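1. Kindly return the folded structure for what I paste below:
(one chain, ligands or ions: 1)
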Amino acid sequence: MEAIEGEIRPERAIGAGYAGRIFSQIQGIIDDTGGQAGALIRVLQQAQGLIGYLPVPILKTISRDLKIPLSEVYGIVSFYHFFTMVPKGRHVIQVCMGTSCYVKGGQKLLDTLKKEDDLEPEDITPDGKFSLETVRCLGCCGLSPVVAIGDDVHRKVKPSELKDILSSYK
Ligand code: FES
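-> Okay, the predicted model is just below:
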């Protein structure tokens, strides 16, 4: 099997020229399972590892070839939080919108990301560097508002600090 993982970038994962190669890779993953229905989660994990997310055409292919109803495949994808149907950036920004962070300015952080980076929740930047999510609580409410970028947790973030914080990520 040809290794193409390094060439796949979220923003063009299903673009022309890549789709055929991706589908053949997915087919290889499915074939390796021997078509066992119990392999669904493993196939989904490997497909997401290959592409970075799980677009609808891929879910339909998996559903068809594993002979599992599409509704069941969707159910699994939405049940496990580590599966995603939207592309993720190399760095995932999580703005906390739990009560404490909301009260202390979480919405202003989102507004700033929208205004300065044209980034809204579930968006990805055109270069695939950042994607944005909102979360309910990151567990450090006393230091609100909180923004996580990957494994880094930034506390008491002011909107004016966002630009410098983002620019520290390559
Ligand atoms: S509400 Fe944001 S960290 Fe708890």
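
2. Which residues of this protein lie near the ligand?
-> Applying CB under 6 Å from any ligand atom, one finds that the chain approaches the ligand through Cys96, Gly98, Thr99, Ser100, Cys101, Cys137, Leu138, Gly139, Cys140, Cys141, Ser144, Val146. For glycine as for every other residue, the C-beta is placed from the backbone atoms N, C-alpha and C.

3. In helices, which of the residues you listed fall?
-> Counting by DSSP state H, these place Thr99, Ser100, Cys101 in helices.

4. Just the buried subset of the residues of the chain next to the ligand, written out for ChimeraX, thanks.
-> Buried residues within the residues of the chain next to the ligand, by 16 or more other CB atoms under 10 Å, are selected in ChimeraX with:
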select :96,98,100,101,138,141,144,146
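
5. For the helix or strand bottoming out on mean pLDDT in the chain, name the packing helices and strands.
-> Lowest mean confidence among the helices and strands of the chain (mean pLDDT, DSSP states H and E): helix 19-32, at a mean of 82. Secondary-structure packing of helix 19-32 (3 or more CB pairs under 8 Å, 6 or more residues apart in numbering; DSSP states H and E): helix 40-51, helix 56-66.

6. between those, which one is nearest to Glu116?
-> When the helices and strands packed on helix 19-32 are ranked by distance to Glu116, counting by CB to CB, first place goes to helix 40-51 at 28.7 Å.

7. Alpha carbons of that closest one, as PDB, please.
-> Taking Å, rounded to 0.1, in the frame of the first residue of the first chain, the C-alpha atoms of helix 40-51 are listed here in PDB:
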ATOM      1  CA  LEU A  40     -16.300  -0.400  12.000                       C
ATOM      2  CA  ILE A  41     -14.600   1.600  14.700                       C
ATOM      3  CA  ARG A  42     -11.200   0.500  13.600                       C
ATOM      4  CA  VAL A  43     -11.900   1.400  10.000                       C
ATOM      5  CA  LEU A  44     -13.200   4.800  11.000                       C
ATOM      6  CA  GLN A  45     -10.100   5.400  13.100                       C
ATOM      7  CA  GLN A  46      -7.800   4.500  10.300                       C
ATOM      8  CA  ALA A  47      -9.800   6.500   7.800                       C
ATOM      9  CA  GLN A  48      -9.700   9.600  10.000                       C
ATOM     10  CA  GLY A  49      -6.000   9.000  10.600                       C
ATOM     11  CA  LEU A  50      -5.500   9.100   6.900                       C
ATOM     12  CA  ILE A  51      -7.600  12.100   6.000                       C
END
